[in-house]
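Peer 1: I'll drop the sequence and a predicted model, then ask my questions.
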Amino acid sequence: MASKSSLPARAQSRDDAARRAVVFVQKHMTRICAGTLILAHVAVLPAQAQERDPMLLYEQDGLTLRGHLQFGVNAVAERNLFWDLAATTNPGSGFDPDTNWLEGYIKPGISFEYQLDTGAVFYGKFSAVSSYTWGTDAFDTGDTGATTLEEAYLAIRGDLGPDLSYDLSLGPRELTLGTGMLIANGATSGFERGALKFGPRKAWEMAVIGRLSFGDITGTAFYLDPNELPSTDGNNELAGFDLRYDDPRGGYLGATFVNVLESDSPYPQAAPGGVGAPTVTPGARDGTNTVSVYAKTNPFAGALENWVFTADFARQWNDRIDLDAWAGRVTAGYTFANVPWSPNLTLGYQTFSGDDPNTTALERFDPLYYQGSPSAWATGSKSASTFINSNVNALTLALRVQPTRQDTWTLRYAHIRANELNSPVQFGQATRVDLNGNVVSGVTDAHLADDLFLEYSRIINRNTFLTAGVSVSFPGDGIDNVVGGSADPWTGGFVNVVINF
């Protein structure tokens with residue numbers, strides 16, 4: 001290895017710059033993270049001032065340092081939460097189904113890139129999240145919050161030859177695979193951490209990610225440890241790989257395999273015949289395997305012009321506990337390109353297997369760490385807070401219009417049903433005694449709810465975003481039968497502002 005004195009002067013200069021930057025970060029990291037708060041005023045500065053990019057902290061000798069800042073405030077109101085099921089299933093809880101709360105978060109950070117003489121790029125990022133909830137949220141938790149590490153990774157990327165590149169990363173960071181059906185949300189917010197609705201935490205607590213790309217094909221191998229709540233940490237560890245082809249015209253085709261290396265997380269199983277409380281097996285997730293295939297069509301010509309189709313399918317198994325489950329989704333979208341406001345209409349159907357109470361096997365699908373936003377894999381709008389993607393199916397319809405480039409209105413509808421009766425729909429929390437004195441779980445009628453959600457989004461400027469929404473969930477016969485009468489609709493609304501640099 002050559003000594004420092006034998007290196008070219010330019011290389012020495014760049015090494016010195018890198019060392020200076022490391023010292024700079026070490027000495028001033030706290031000051032940088034706190035100081036980025038001051039930069040919020042940039043959102044109201046004239047365009048000429050914004051063009052100077054205030055988040056660029058250092059750029060010299062192949063080294064770039066950049067600050068990051070994101071923060072938001074969200075006001076939420078909910079009425080008749082969860083159709084007031086608590087009054088029937090847990091009347092002694094004192095749960096108030098009507099509540100309002102305010103939540104907020106701030107996410108400061110700093111990232112760097114350093115161009116090596118070999119052509120590779122050494123890069124990384126450090127960020128944290130501080131969040132809080134004022135008032136009582138939907139899960140009866142409030143006036144609490146936490147500050148946690150978000151991203152803290154080092155990585156290197158470069159080329160190995162024509163059309164062949166690599167990207168290796170170590171440390172907490174975000175990772176989404178495929179359409180977010182299984183691997184997307186690497187961290188948990190809400191409860192003792194606050195900011196339940198915002199969910200500002202996304203990064204995995206530990207991630208080892210290796211990518212190899214050849215042309216339009218990318219292979220990703222990963223090891224992941226989710227950033228779970230301290231109060232409910234299941235000590236989960238995952239590993240697997242993803243192979244994806246991205247067509248330059250816009251379509252894609254991919255497959256993901258996930259193996260749960262370790263887990264203390266339990267699975268519920270329906271009682272035989274559906275009569276009795278479900279059996280909960282600690283550590284049942286350990287060893288679960290899931291393989292999924294996902295696809296999106298390229299733009300069509302002729303009669304199918306402006307149509308887009310997608311499909312996802314997953315199969316899950318665990319021989320240790322006799323698990324065999326499945327899930328899938330298909331969507332068809334059409335854009336009225338020649339109509340004012342460019343309306344887009346998307347029809348979809350998604351389904352996730354539930355445990356059949358008439359078998360000894362376990363058929364309940366485990367959705368792992370899916371992206372649960374209404375635009376991704378939420379089952380309904382309100383209902384997504386009650387039912388995880390297990391033992392449910394939904395017929396969905398979304399209509400999106402854009403009156404201007406800055407304004408978007410989206411109306412979403414979901415008709416939600418259970419796949420298996422008398423079987424845990426979420427995790428068995430609705431276990432109760434029926435009118436005949438039998439302990440039962442799940443629902444006795446498949447129709448769970450019909451959800452409507454109207455959302456408005458406004459791009460105020462390139463850094464500031466406003467979102468507001470109102471929603472209502474009309475309970476189906478399955479919910480009415482739990483209540484023992486006609487349950488009232490669950491309504492709510494929110495308005496939030498997010499600033500992102």
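Peer 2: That came in fine, so what should we check first?
Peer 1: isn't there a strand covering G234?
Peer 2: No - counting by DSSP: H, G, I helix; E, B strand; the rest coil, one finds G234 to be coil, located in no strand.
Peer 1: Helix, strand, or coil at the closest residue in space to it that isn't next to it in sequence?
Peer 2: Take G234 and drop its neighbours on the chain: the residue closest to it by C-beta to C-beta, 6 or more residues apart in numbering is S265, 3.6 Å away. The way it works is simple: take the backbone N, C-alpha and C, and place the C-beta from them, glycine included. Of the three states, S265 takes coil under three-state DSSP.
Peer 1: S265: what's it in contact with?
Peer 2: Each residue near S265 by C-beta atoms under 8 Å, 6 or more residues apart in numbering is listed here: 234, 236, 283-285.
Peer 1: Give me the distance from stretch 389-396 to the chain's centre.
Peer 2: In terms of C-alpha atoms, centre = their mean, to the nearest Å, the gap separating the centre of stretch 389-396 from the centre of its chain is 17 Å.
Peer 1: The stretch 251-400 of the chain: helices as residue ranges?
Peer 2: Counting by DSSP state H, counting those that start in this stretch, the stretch 251-400 of the chain has no helices to list.
Peer 1: pLDDT below threshold where in it?
Peer 2: Low-confidence segments of the stretch 251-400 of the chain (pLDDT under 70): none present.
Peer 1: what bridges to V291?
Peer 2: Residues in a beta bridge with V291, per DSSP bridges, are F257, R315.
Peer 1: Let me know how buried it is, in neighbour terms.
Peer 2: 16 (other C-beta atoms under 10 Å).
Peer 1: now do I460
Peer 2: When neighbours are counted by other C-beta under 10 Å, I460 registers 14.
Peer 1: Please apply the same query to I499.
Peer 2: Neighbours around I499, by other C-beta under 10 Å: 19.
Peer 1: so it makes contact with L466?
Peer 2: No - taking C-beta atoms under 8 Å as the definition, I499 is not a contact partner of L466, at 10.3 Å.
Peer 1: Out of the contacts of S265, give me the one that has the most neighbours.
Peer 2: Greatest neighbour count in those, by other C-beta under 10 Å, goes to A284: 24 neighbours.
Peer 1: Look up how far D355 lies from that residue.
Peer 2: 12 Å (C-beta to C-beta, to the nearest Å).
Peer 1: ok, now A384?
Peer 2: For A384, the distance to D355 - C-beta to C-beta - is 20 Å.
Peer 1: rewinding a little: which neighbours do A284 and D355 share?
Peer 2: Common neighbours of A284 and D355 (C-beta under 8 Å, 6+ apart) are L362.
Peer 1: partners of the closest residue to A195 other than its chain neighbours in the sheet?
Peer 2: Computed as C-beta to C-beta, 6+ apart, the closest residue to A195 that is not its neighbour in sequence is S131, at 3.7 Å. Note on S131: beta-bridge partners by DSSP bridges are Y105, A146.
Peer 1: Next, count neighbours for S131.
Peer 2: S131, neighbours per other C-beta under 10 Å, totals 26.
Peer 1: tell me the contacts of it?
Peer 2: Contacts here follow C-beta under 8 Å, 6+ apart; on that basis S131 touches 103-106, 145-147, 189, 193-195, 198, 200-201.
Peer 1: contacting residues for S457?
Peer 2: Taking C-beta under 8 Å, 6+ apart as the criterion, S457 is in contact with 407-408, 410, 465-467.
Peer 1: Tell me the spacing between it and Y369.
Peer 2: For S457, the distance to Y369 - C-beta to C-beta - is 25 Å.
Peer 1: still on that earlier bit, adding distance to L362, write the contacts of S131 out as TSV.
Peer 2: Formatted as TSV, these follow (distance: C-beta to C-beta, whole Å):
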residue	distance to L362
E103	36
G104	41
Y105	37
I106	42
G145	37
A146	34
T147	39
S189	29
R193	31
G194	35
A195	34
F198	34
P200	34
R201	30
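Peer 1: Would you reformat these as CSV and include pLDDT, neighbour count and distance to V260?
Peer 2: Listed next are those as CSV, based on pLDDT from 0 to 100; neighbours: other C-beta atoms under 10 Å; distance: C-beta to C-beta, whole Å:
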residue, pLDDT, neighbour count, distance to V260
E103, 98, 28, 31
G104, 98, 21, 34
Y105, 98, 25, 29
I106, 98, 21, 33
G145, 97, 19, 30
A146, 97, 17, 26
T147, 98, 13, 29
S189, 96, 26, 22
R193, 97, 28, 24
G194, 97, 26, 28
A195, 97, 24, 27
F198, 95, 22, 28
P200, 97, 23, 26
R201, 97, 25, 21
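Peer 1: Looking at the residues you listed, which one is closest to D137?
Peer 2: E103 (7.3 Å; C-beta to C-beta).
Peer 1: Does the closest one touch T136 like I think?
Peer 2: No - taking contacts as C-beta under 8 Å, E103 lies outside contact range of T136: 11.2 Å.
Peer 1: ok, and for the host helix or strand of A128, which residues are buried?
Peer 2: Using DSSP states H and E, A128 sits within strand 121-136. Buried residues in strand 121-136, counted by 16 or more other C-beta atoms under 10 Å: 121-127, 129-134, 136.
Peer 1: Distance from stretch 292-302 to the middle of the chain?
Peer 2: Centroid separation for stretch 292-302 versus its chain: 23 Å, with C-alpha atoms, centre = their mean.
Peer 1: What's the end-to-end length of that stretch?
Peer 2: 31 Å (C-alpha to C-alpha, to the nearest Å).
Peer 1: got a list of contacts for that stretch?
Peer 2: With C-beta under 8 Å, 6+ apart as the criterion, stretch 292-302 contacts 178-179, 181-182, 247, 249-256, 305-315.
Peer 1: Same question for stretch 166-177.
Peer 2: With C-beta under 8 Å, 6+ apart as the test, stretch 166-177 has contacts from 124-125, 149-160, 183-184, 186, 202-213, 220, 222, 224, 227, 242, 256, 371.
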